[in-house]
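>>> quick one, structure for this:
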Amino acid sequence: MTENRRYHRMEIQLPVSFETEDPKHFYLSNTINISPTGMALRLTEPVKKGQFLTMSITIEDNKTAKVDAQVIWVRERVINDGSQYMAGVKIIDKMDRDEIEFVRFIAKKMMEHFKTLE
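Residues are numbered from 1 along each chain as shown. Sure, this is the predicted structure:
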C-alpha cells in the first residue's frame, strides 16, 4: 500500500500539550513526525477520531506555537506494561502568526535534514 501525501513528513520529537473539547482534560505528548499540515503524536491515553484539539507545540528556543487540529486516526499498541497510542492530527484553522512560525520551523528543519543527505 502506498501513501499519497501532499507534504513530506519529517521524523522529529517535539513536546506537545493540548486540551480536548472538555478543557478539564489536558494531555502531554510528543510528536513522532510533522508536516506543514499535520503531525503524528505518541500518547499514553487515547483520543477520539474526529475530536478537536487546541495544541501548544514547543519549537526551537522554547517558543510555543498554538494550533487547532482535528484527530484523523488513532492506533493502539499494547506493550508489556499497558497500552500506548498514536494519533494523526490535521491542522484545521487558518494560518495565524503561531502557525506561520510553526511552518517556518518545519521548513528550516527539513532544509537542515536534506543538507545532511547531500
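
>>> need the contact partners of stretch 100-109.
Residues from elsewhere that reach stretch 100-109 (Cβ atoms under 8 Å, 6 or more residues apart in numbering): Met10, Ile12, Ile34, Ser35, Pro36, Ile57, Ile59, Glu60, Lys63, Ala65, Val67, Met95. Using the backbone N, CA and C atoms, a C-beta is placed for each residue, glycine as well.

>>> how about 6 Å then?
Surrounding stretch 100-109, the residues in contact under the criterion Cβ atoms under 6 Å, 6 or more residues apart in numbering are Ile34, Pro36, Ile59, Ala65.

>>> so the residue positioned nearest the centre of the chain, which of the three states?
Residue closest to the mean C-alpha point of the chain, counted by Cα atoms, centre = their mean, is Met39 at 3.3 Å. Here Met39 takes the strand state, with states given by DSSP: H, G, I helix; E, B strand; the rest coil.

>>> in space, what's closest to it - neighbours in sequence excluded?
Leaving aside its chain neighbours, Met39 sits nearest to Thr31 (4.9 Å; criterion: Cβ to Cβ, 6 or more residues apart in numbering).

>>> okay, now that neighbour: neighbour count?
20 (other Cβ atoms under 10 Å).

>>> what average pLDDT does the helix or strand where it lies get?
Counting by DSSP states H and E, the element that carries Thr31 is strand 26-35. Model confidence over strand 26-35, given as mean pLDDT, is 90.

>>> how far does that strand sit from its chain's centre?
How far strand 26-35 lies from its chain's middle: 4 Å, per Cα atoms, centre = their mean, to the nearest Å.

>>> then stretch 35-54?
Relative to the centre of its chain, stretch 35-54 is centred 6 Å away, using Cα atoms, centre = their mean.

>>> likewise stretch 93-113?
12 Å.

>>> in three-state terms, how would Phe105 be classified?
Per three-state DSSP, Phe105 ends up helix.

>>> do you know how far it is from Lys66?
According to Cβ to Cβ, to the nearest Å, Phe105 and Lys66 sit 13 Å apart.

>>> between those two, which is the more surrounded one?
Legend: neighbour count by other Cβ under 10 Å for Phe105 and Lys66, higher for Phe105 (19 against 16).
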